[in-house]
Structures are given as C-alpha cells and as structure tokens.
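A.B. asks: pasting the sequence and the predicted coordinates here, then a few questions.
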Amino acid sequence: MKLEELKWIPNTVLVQQHGINALKRSSQRMTTRRENADEKPEKTQHPLFTIRNGTKHDSILLDIFEKRVADNERRKLVETNTGIVVSLAKNRNLQNVVENQQNKISKLGGIVQKQERMGKDENQYRNRSSRLLVGGTQSPTETNDVAFYAFVSKTEAISPHHTLIFDHVETNIGQAYNQQSGAFTVPISGVYIFSYTVFPSGAGSYASVELAVNSISRGAIFIDSSSGDPDYTGCTGFAVLALKQGDVCFVRVHSTHHAVGRIGSDSVMRSSFSGVKV
C-alpha cells in the first residue's frame, strides 16, 4: 500500500492491524519455547510426588497400603504368639502347683497309712495283753476278738432240761458270757468254736448233755459212771458253728432223756464250757 493511500486510513484500523501482528509474533515465540522445553530432560521427582501418570501413582499407594496391612498382621501375630507363650507358661506353673499338691497329698496318705498300721499294731498288742488277763473283770477289747472260758466251781445235782451254770469265769474277752445264766450271747456274727466237758460225780451218775443254740440242740455227749464202782471219766464235745449276732448258746441236760446223779467239778477235774470266734 502506498503512503499516499495510507493517509486516509483511520488510526483505529492501523492500531488493530498492528496488535494482531504482535499477537501472532508472541504466539510464535511461545510455541518455540514450548518445543525447546519439550526437548529438555525432565527433572527426577520422588515417586510419591509424581502425579502426571495416574496408574503409577495408584500402584505406589497400593504397595504402601499392602505393606501397612502386612505389618499390622505381623504385629497381631506376634501379640497372639506372645499371649500363647504367656498362657503356656501360666499353665505350666499351674501344673507344677497341682503336681506339688499331689505330692503333698501322697505324702500325707503315706503318713495316714503308717498311723493306721501303728494303730493296728497297738490294738494287737492290747489284744495280746488282754489274753493274759483272767477272770471276768477284764475290759472289752477294741477289736473283734471274742473268747470265753468258765467252769463249774462245785458239784451239783442234775435233772432233765437243767441248764449247767459255769459260774467261775477264767476268760471273757468281749464280755459275751454271762456267769449268772451260763449263756453266751453272740456279739458279732461269724464262725465260732465251742468246747464243753462234763464229769459225772459218784457211782450211778449218767446223763445226756447237749450244746444248744437258741434252745435248739447243736451237739451232744453222754456221761455215765458204773453203778458198782465210781467212774469219774468225763466226756468232751466240740462244735464249729456259724452264728449270727444275738444268738444264745448254752449247755444243758437233755430235755427228754433220763438223768441221774450229779455233775462233778473240783481241783482234779473241771466241768467246763468255752468258745472262741475264729
């Protein structure tokens, strides 16, 4: 455009045209700077602060999360194992306490058994001592031993169904024999051995003598002295009987057989009655 032609163009249009050209030049410079910047190497940044690539950032966060979860699991596992170890230690201590108590109980049991044996030995000693006592004045023993021995102190007449009274008591362990009635009352159920010996006194004495339990005959002997010459030969009977507590045993002349004469008992012959629990 010639200068002459520009004279008539308004100033406003010139200004606008100049501004457009300036903007174009500025845009070109910015484009050039951007291209140059793209060619420069990027500065290295810490992965935690890299946000240009979203996938890489998420992967890092996931790794951190998994690591924290694993750490928490390991810590819980350690705490659990520690608790188990503590519990085992407590159980072991409790087991030791129980074993100690059991040992003490076992020792006490041994002491009790020893004391029981000593008590039995003492009772046996007392029993042996009581066997040496005579007469009806001895005290009942603390054991189950039962025994008695008594004899007739003087000669007496006999008659049918006559109960013999062995009034002189030598032994009465358990105090089960009654020297007033001549009867032995069983204090403890069990097996008993009885012996009864009777001598006739004077010529012509004879009788059937029986051992009765609850008035039932359980044994019998027969005594007889010759009518022409006095015969003092006695007769002895034995019986082994299983008896119950409360049974009553005694010696009597037969209830129906004829009896004559007397029963003798003195320093050279003893009509006696005895028994012992097996």
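C.D. replies: Happy to help now that I have it.
A.B. asks: and residue 259, its phi and psi?
C.D. replies: phi -130, psi 140 (degrees, to the nearest 10).
A.B. asks: quick check: chain neighbours aside, which residue is closest to it?
C.D. replies: residue 207 (3.7 Å; CB to CB, 6 or more residues apart in numbering). Bear in mind the C-beta positions are built from the backbone N, C-alpha and C, glycine included.
A.B. asks: so the one you found touches residue 261, yeah?
C.D. replies: Yes - contact criterion CB atoms under 8 Å: residue 207 and residue 261 qualify, at 7.2 Å.
A.B. asks: those two: which has the busier surroundings?
C.D. replies: residue 207 (24 against 19; other CB atoms under 10 Å).
A.B. asks: on that earlier part again, just grab the bridge partners of the residue nearest to residue 259 for me.
C.D. replies: For residue 207, the residues forming beta bridges with it (DSSP bridges) are residue 223.
A.B. asks: and residue 188, how many neighbours does it have?
C.D. replies: Neighbour number of residue 188 under other CB under 10 Å is 14.
A.B. asks: doesn't it fall inside a helix?
C.D. replies: No - counting by DSSP: H, G, I helix; E, B strand; the rest coil, residue 188 falls outside a helix, being coil.
A.B. asks: and it, what does it touch?
C.D. replies: 144, 146, 174, 245, 277 (CB atoms under 8 Å, 6 or more residues apart in numbering).
A.B. asks: confirm the first one sits in a strand?
C.D. replies: Right, the one you point to is residue 144. No - according to three-state DSSP, the state of residue 144 is coil, so it is not within a strand.
A.B. asks: nearest spatial neighbour of it, chain-adjacent residues omitted?
C.D. replies: residue 188 (5.6 Å).
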